[in-house]
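> Next comes the sequence, and after it the predicted model I'd like to discuss.
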Amino acid sequence: AVAETLNALGLIYHHMVDDQEQALEYHARALQIFQLQRGDSYSCTDVALTFSDIANVHRKKGDYERAAKAFMDSVSTFREGGIGDNHPRLQSALVCLQQLGSGTIQQESAPRQSDKVETS
């Protein structure tokens, strides 16, 4: 229950508080517990989902390299656990990896011309 609570706190800090550093800390602590107790109390899905949560935090921070690595860890963990590519969260991680590879995410986060404020 501790790991799930830490992960939930990470999601709150990521989505509601917008404190990505704190979100990352909570997710990392949850991941440690999930990995230590994997197979006993937690499944590969718990680990894979936490990797995806960590990736989303890195993506929001603009650290696309770390985001891609965490998404890759998520995908490989899902697959190691026998989860098929039709699982919605695995599909989501694959789409995010594709977007990171194509630069779509970086382009989406770049300021648009219409977002720029005139300074003269």
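Sure, I can see it.

> Off-centre distance for the helix or strand containing T5?
Element membership of T5 [criterion: DSSP states H and E] is helix 2-12. For helix 2-12, the distance from its own C-alpha centre to the chain's C-alpha centre is 13 Å (Cα atoms, centre = their mean, to the nearest Å).

> name the helices or strands packed onto that helix?
Under the contact definition 3 or more Cβ pairs under 8 Å, 6 or more residues apart in numbering; DSSP states H and E, helix 2-12 sits against helix 20-36, helix 44-61. C-betas here are computed from N, CA, C, even on glycine.

> Name the stretch among those that sits most buried.
helix 44-61 (a mean of 22; mean count of other Cβ atoms under 10 Å).

> So for R112, what pLDDT did the model give?
R112 is assigned a pLDDT of 37 by the prediction.

> scratch that, G101
Confidence at G101, expressed as pLDDT, is 86.

> before we move on, what about A55?
97.

> start at 798 instead
Noted, 798 is the first residue going forward, which turns the last one into A852.

> give me the number of residues near the residue lying closest to it once chain neighbours are set aside?
What sits nearest to A852 in space, not counting adjacent residues and going by Cβ to Cβ, 6 or more residues apart in numbering, is A867, at 3.5 Å. A count of nearby residues for A867, using other Cβ atoms under 10 Å, gives 26.

> isn't A867 right up against S849?
Yes - judged on Cβ atoms under 8 Å, A867 makes contact with S849 at a distance of 7.3 Å.

> In the protein, where is pLDDT below threshold?
For the chain, applying pLDDT under 70 flags the ranges 837-838, 900-917.
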